[in-house]
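Participant: My questions are about this predicted structure, shown below with the sequence.
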4 protein chains.
Amino acid sequence: MSRGNTRQRIQDVALELFAERGYEKTSLREIAEHLGVTKAALYYHFKTKEDLVTSLFEDLVLGPADEVITWAEAHQPTSLETKLEILNRYSECISNAFPLVRFMHENQAALRELSIGELMKQRILTLLELIKDQDAALSDQVRCASALFTMHSTFFTLQGTDADQEEKRKAALEVAQDLVTAAHHGAGSPSGT
Amino acid sequence: MSRGNTRQRIQDVALELFAERGYEKTSLREIAEHLGVTKAALYYHFKTKEDLVTSLFEDLVLGPADEVITWAEAHQPTSLETKLEILNRYSECISNAFPLVRFMHENQAALRELSIGELMKQRILTLLELIKDQDAALSDQVRCASALFTMHSTFFTLQGTDADQEEKRKAALEVAQDLVTAAHHGAGSPSGT
Amino acid sequence: MSRGNTRQRIQDVALELFAERGYEKTSLREIAEHLGVTKAALYYHFKTKEDLVTSLFEDLVLGPADEVITWAEAHQPTSLETKLEILNRYSECISNAFPLVRFMHENQAALRELSIGELMKQRILTLLELIKDQDAALSDQVRCASALFTMHSTFFTLQGTDADQEEKRKAALEVAQDLVTAAHHGAGSPSGT
Amino acid sequence: MSRGNTRQRIQDVALELFAERGYEKTSLREIAEHLGVTKAALYYHFKTKEDLVTSLFEDLVLGPADEVITWAEAHQPTSLETKLEILNRYSECISNAFPLVRFMHENQAALRELSIGELMKQRILTLLELIKDQDAALSDQVRCASALFTMHSTFFTLQGTDADQEEKRKAALEVAQDLVTAAHHGAGSPSGT
DNA sequence: GATGAATGAGGCTTCATTCAT
DNA sequence: CATGAATGAAGCCTCATTCAT
């Protein structure tokens, strides 16, 4: 019945529970029980609890995000079109790893103590740097940060809605792109004048 | 030096530590040690750990938010101007209780298991209902949710900046108001056409 | 029934079990069960298992040994008579803390990983330096080390004997003093010629 | 590269780690990792952890010690010269198995729970019986025990020294023989008179 | 000869909480 | 108002060991 897929099954259940109940509240005992295995079995596949959560990010989101960053850095200086394409590509990463992104969004405090949290934060800050202008008005900087956050949070913000995953992705992407477009044109400063 | 203000001091330290290290990672022992008191002393002032965190929300954010909601519900049906004023008032609540909002934002998973978390979520959803149109395009619904999230997260998003608290508040408010304005005018649907 | 003496009772039982079954083999569960308390109660009185064993050495042997060292260092350069008096005083320390010394002797490997082990080792090496001549023949250095070891191990070496504690102490002291006397007179080098 | 010598390699690594970190603190995982094998591989060669440590004593020290005992028992009643020759022969056993003797000396508490520990203890007590007089003065019994302990511990007592193994062996042997000689002549009793 | 996968027992430690004083 | 002492539950993790392949 169980071949070489136990590692995968552990990751699946862990992701589900982490997203559902939070990182700290999810114990390895719970994960093991959901799987019908012993706690010790988890330790055969993952060195620590942190190692387990780290593997989720590495397998689902870190690689894809790095691809976006690599692509973006090859297209500098960053035109508006490039920025919009960054958002587009990033929205696809996120959409594919949606429960993990939800987990990341809702457990920032817990992730801060994990080394993978630091790595993810760096990726997001790097994306932010690529999207915003260093010396833009404050409100335009907010627009760019907000664009990223919007994509991170939309999938579960729109939980009640009957829209499907792809519709949500497009809606979030549209809003994010509008925000970045406005920031790019310096919507912030003229309104201040 | 310290008279009957112990309760206050506990809240201050608790808020600081909760915001810094997260709800689950902050133990009552830590809080007590930071205060130079015994754990048991905390229990004289607060029935449980949950009671302590609840008191923070009640004292700092729940009341003010309810005032905004009460005001908003008295001004229905909601015109664009009303919506913008809701955002304005809410941004002031948030600005005053800034570390608690950060805590809320970064500990959503933990708060989900606490009854105060449910209460706060209701408030935010109520505000969202007042701001968005029930049958707006999906992207416009995202805009309104994003407006709220943007205000929640801006204060620590802009951590590195040298802007002061009030400047940040205004920048976040501007972005939020733009988003809601766009949503109000149905920016979403035409772009779909 | 139990007033402020719980800490003491924990130490007593811990010493007994540590000496009986070794440091690593003695679990805090066992100690707690022997006392009719919870494991958590131990942690109220001692921060860790290492802290518990450390307290034993500090309370029973470290202080007295330091007194011997202090006395010895005040009587430098060290005449033979002084050396013999060092042995005499040290034998009394040891005799009073006899089960702990047995524990130390039989758990050197375990103690090497504990910081108190390092401290105790330093004390013994210091005593050794005071007793032996830096440039004595190899066999005389062995004599001095042996003198110390002999006192450490005699109490349980002579376990079967019906002699009482004080007789054993005197016998060990006599042998140790003979060894140091021989070393002092350079018994080693002439026999080599 | 490695043919049928895996068993030997396991023993080598095990001895090294046991001596370094102690019996309890050394896990089979560690041993396996140092060898670049799986834990399960160890179980192909040794039935249990105890079996592994037992094999070390059997191969390195038990046989040679038994030879000494056999020789000694054939030379009863034991003259002083015989006693000195026992020490001489035993010192050679020990010198050859030096890390294992260090291990034995520093892990007495752990060995007490192992059947091989009991066996080794018996050998040493047997040697002690052969060396000392049943009804000697207490101090002379201490001398004989001390002679044995001295040889056990000298190799690592003299760790800092630049003397080579054989010089250390001779120094320890000299001290041990002096002690036994003194005991044989009843140095203890006249001093009591 | 050796591995991959798993187990059951048990280790140390921390936590929120209680209660007599 | 607050402490000292303690508890019960649970946490993460490691260990020696087994067994099918």
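Facilitator: In hand now; what should we look at?

Participant: going on from the one helix or strand residue A:33 maps to, what's the next piece of helix or strand?
Facilitator: Element membership for residue A:33 (DSSP states H and E) is helix A:28-35. Note on helix A:28-35: by DSSP H and E, the next helix or strand toward the C-terminus is helix A:39-45.

Participant: Say whether chain D is contacted by that following helix.
Facilitator: No: if you take CB under 8 Å from any CB of the partner chain as the test, helix A:39-45 misses chain D, and the best it gets is 11.1 Å. Glycine gets a C-beta too; all of them are placed from N, C-alpha and C.

Participant: ok, is the helix holding residue A:33 in contact with chain B or not?
Facilitator: No: judged by CB under 8 Å from any CB, helix A:28-35 stays clear of chain B, getting no closer than 13.7 Å.

Participant: Counting by contacts, list what that helix packs against.
Facilitator: The contact analysis (3 or more CB pairs under 8 Å, 6 or more residues apart in numbering or on different chains; DSSP states H and E) places helix A:28-35 against helix A:6-21, helix A:39-45.

Participant: how about low-confidence regions in chain A?
Facilitator: Within chain A, the ranges that satisfy pLDDT under 70 run A:1-4, A:187-193.

Participant: hmm, back to that, residues in contact with the helix holding residue A:33?
Facilitator: Helix A:28-35 has contacts (CB atoms under 8 Å, 6 or more residues apart in numbering or on different chains) with A:9, A:10, A:13, A:14, A:17, A:38, A:39, A:41, A:42, A:49.

Participant: could I get that helix in CSV with only the CA atoms?
Facilitator: What follows is helix A:28-35, C-alpha atoms only, in CSV (Å, rounded to 0.1, in the frame of the first residue of the first chain):
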residue,chain,number,x,y,z
LEU,A,28,3.7,16.2,15.3
ARG,A,29,1.5,13.8,17.2
GLU,A,30,-1.5,15.1,15.3
ILE,A,31,0.2,14.8,12.0
ALA,A,32,1.2,11.2,12.8
GLU,A,33,-2.2,10.3,13.9
HIS,A,34,-3.8,11.6,10.8
LEU,A,35,-1.5,9.4,8.8
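
Participant: what residues does chain A put near DNA strand F?
Facilitator: A:26, A:27, A:28, A:29, A:30, A:39, A:40, A:43, A:47, A:48, A:49, A:50 (CB under 7 Å from any atom of the strand).

Participant: Helices of chain A, start to end?
Facilitator: Secondary structure of chain A, counting by DSSP state H: helices at A:6-21, A:28-35, A:39-45, A:49-57, A:63-73, A:80-96, A:98-106, A:108-112, A:115-131, A:138-157, A:165-184, A:188-192.

Participant: Need the winner for burial among the helices and strands packed on helix A:28-35.
Facilitator: Ranked by mean neighbour count, those are led by helix A:6-21 with a mean of 18 (mean count of other CB atoms under 10 Å in any protein chain shown).

Participant: can you tell me if that helix touches chain B.
Facilitator: Yes: using CB under 8 Å from any CB, we find that helix A:6-21 touches chain B at residue A:21.

Participant: for that helix, the distance to its chain's centre please.
Facilitator: 17 Å (CA atoms, centre = their mean, to the nearest Å).

Participant: Can you tell me which helices and strands that helix packs against?
Facilitator: Where contact means 3+ CB pairs under 8 Å, 6+ apart, helix A:6-21 is packed against helix A:28-35, helix A:39-45, helix A:49-57, helix A:98-106.

Participant: can I get the helices and strands packed on helix A:28-35 in CSV with distance to residue D:185?
Facilitator: Compiled in CSV, the helices and strands packed on helix A:28-35 are given as follows (distance: least, CB to CB, whole Å):
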stretch, distance to residue D:185
helix A:6-21, 73
helix A:39-45, 62
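
Participant: With distance to DNA strand E added, can I get the ones you listed in CSV?
Facilitator: Formatted as CSV, the helices and strands packed on helix A:28-35 follow (distance: least, CB to the nearest atom of the strand, whole Å):
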stretch, distance to DNA strand E
helix A:6-21, 4
helix A:39-45, 3
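
Participant: Go ahead and confirm residue A:69 touches residue A:125.
Facilitator: No: look at residue A:69 against residue A:125 with CB atoms under 8 Å: they stay out of range, at 10.7 Å.

Participant: Those two: which is more packed in?
Facilitator: Of the pair residue A:69 and residue A:125, residue A:69 is the one with more neighbours under other CB atoms under 10 Å in any protein chain shown, namely 19 against 13.

Participant: ok, for the more buried one, nearest residue in space, not its chain neighbours?
Facilitator: residue A:126 (5.6 Å; CB to CB, 6 or more residues apart in numbering or on different chains).

Participant: Return the distance of that neighbour relative to residue D:119.
Facilitator: 65 Å (CB to CB, to the nearest Å).

Participant: try residue A:49
Facilitator: 44 Å.

Participant: same question, residue A:28
Facilitator: 42 Å.

Participant: Next up, the contacts around the residue positioned nearest the centre of chain A.
Facilitator: Taking CA atoms, centre = their mean as the criterion, residue A:101 is the residue nearest the geometric centre of chain A, at 4.0 Å. When contacts are counted by CB under 8 Å, 6+ apart, residue A:101 touches A:61, A:94, A:152, A:155.

Participant: give me the number of residues near the nearest residue to the last one once chain neighbours are set aside?
Facilitator: Closest residue in space to residue A:155, ignoring its immediate chain neighbours: residue A:98 at 5.0 Å, by CB to CB, 6+ apart. Applying other CB under 10 Å, we find 18 other residues in the vicinity of residue A:98.

Participant: Ok, the one 4 residues further on next?
Facilitator: For residue A:102, the count of nearby residues is 22 (other CB under 10 Å).

Participant: Just confirm it contacts residue A:19, I think it does.
Facilitator: Yes: if you go by CB under 8 Å, residue A:102 and residue A:19 touch, sitting 5.5 Å apart.

Participant: how near is the nearest residue to residue A:38 once chain neighbours are set aside to chain B?
Facilitator: Among residues not flanking residue A:38 along the chain, residue A:32 sits closest, at 6.0 Å (CB to CB, 6+ apart). Using CB to the nearest CB, to the nearest Å, residue A:32 is found at 20 Å from chain B.
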